[in-house]
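Visitor: Build the 3D model from these lines:
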Amino acid sequence: MHQSPLILRAQVLQAIRQYFTEQGFLEVETPLLIPANAPEEYIDPLATLPCWQLQTSPEICMKRLLCRGYQRIFQISHCWRAGERGSRHLTEFTMLEWYRADADYDILMADCAGLLRRVAASCIADGTFSRFGKKIDPHAEWAHISVQEAFLRFAQADALASAENGRFDELLVSQIEPALENFTVPVILADYPAQLAALSRLKSDDPRLAERFELYLAGLELANGFSELNDPQEQRTRFEEANQRRAAAGRQVLPLPERFLDELSAMPLSAGIALGVDRLVMLAVGAETIDDVVAFRPEEL
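Guide: Residues are numbered from 1 along each chain as shown. Next up, the predicted model:
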C-alpha cells in the first residue's frame, strides 16, 4: 500500500524544519495580508480589503527582517496568485523561502543540495525523487548549466537576444524545460538575462546577466533564487519598469512597497530563494498533478 500523500507531506515539512534549524536558521512568521507586494510583470496579487493584498511571496517582509539584523531566516508560508490554476499551479499554495546575509547565490545552490538530500534520505524509501516514472537522484552530482548554454544547446537560440525580442519564455517552455526532463539528477539553470531578474544583483563581470538561478527536477521548476539587490533607487526603478510593462499589457498597475524601499539600504549583501513545497511533495510522492498532494482542491471548497 502506498503511503498517503498527506502523511508524506507532513514528513517533508518536518524534514525542512529540521534541516534549517540544524543550519542555524531562525523560523519566522510574517503577515499574509500586506499593502503591497513586489510588482512583477506576470504575477497578479489577490486583492482583499481596500488597499490590501494577500502576499504573492513573503519576500518583502523577510527582507525587511534582514535589514533589521536577522542573518539566517526561513519561512514556510501560504501564498496567493490570481489566475494560477493547472496541473502544477494553485491560486493558494505553500512556499518555502530562506535568506542568508553575507551570502550569494552560490551558497543557495549548496543549500538546495543539502535540503533535497535530507528530504530524500529521511522521507523517501529509495532516496530518490520521481516524476512521470523517472527517477531523479539528488545524491549524485548535480548538473549546472548556464541559461545561455541551455538556449544554445536545446533551442539553437541566444538567450540574451531571446530576452530582447520577447521569445525567452516561449523557448524556455517549449524547448528548454522539455530537454531538462531527460536529466536524472537535479539541474541548476543559472545566470539569467538582467531584464528577467527584477530583484537580483547583476554579475560584476557581465552586467548583462543577473546572479539568478532556477532549480529543476525532471523539467519541473522547483525553486528560484538569487543574490539580492540592495540598492533602493535601482530597486524602485525596476519596480516602476515592471509597472510600465504591466500597463502596456493591459494589466493593473500595482502599488510600490514603500516601507520596504525605505529600509532596503540597510540590507547587507544577501541571497534568498523561494521553493515550491507542493511541488517538492509531488516529486517525493511521484505525483503527476499538484491536486494529488493537497488536502483539498479549490474546486472542492
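Visitor: All the strands of the stretch 201-301 of the chain, in order from the start?
Guide: Shown for the stretch 201-301 of the chain, the strands assigned by DSSP state E, counting those that start in this stretch span residues 202-203, 206-217, 220-227, 270-276.
Visitor: residue ranges for the helices of the protein, please.
Guide: With helices called from DSSP state H, the chain shows them at 5-22, 59-67, 105-123, 147-154, 159-165, 168-171, 177-180, 232-248, 258-263, 277-285.
Visitor: for those, which one ends up most surrounded?
Guide: Mean neighbour count (mean count of other C-beta atoms under 10 Å) peaks for helix 277-285 among the helices of the chain, with a mean of 24. In short, each C-beta sits where N, CA and C put it, glycine included.
Visitor: Pull the residues that contact that helix.
Guide: Residues outside helix 277-285 that contact it (C-beta atoms under 8 Å, 6 or more residues apart in numbering): 5, 8-9, 12-13, 16, 76, 88, 90, 93-96, 119-120, 123-124, 129-131, 136, 217-218, 220-222, 287-290, 292-294.
Visitor: That helix versus strand 270-276: what angle between them?
Guide: Orientation check (axes from the mean of the first three to the mean of the last three C-alpha atoms, to 10 degrees): helix 277-285 against strand 270-276 gives 60 degrees.
Visitor: tell me the angle of helix 277-285 relative to strand 220-227?
Guide: Using the same axes, to 10 degrees: helix 277-285 against strand 220-227 is 130 degrees.
Visitor: Tell me how far residue 135 lies from residue 114.
Guide: 20 Å (C-beta to C-beta, to the nearest Å).
Visitor: Next, count neighbours for the closest residue in space to residue 232 that isn't next to it in sequence.
Guide: What sits nearest to residue 232 in space, not counting adjacent residues and going by C-beta to C-beta, 6 or more residues apart in numbering, is residue 264, at 4.2 Å. For residue 264, the tally of surrounding residues (other C-beta atoms under 10 Å) stands at 22.
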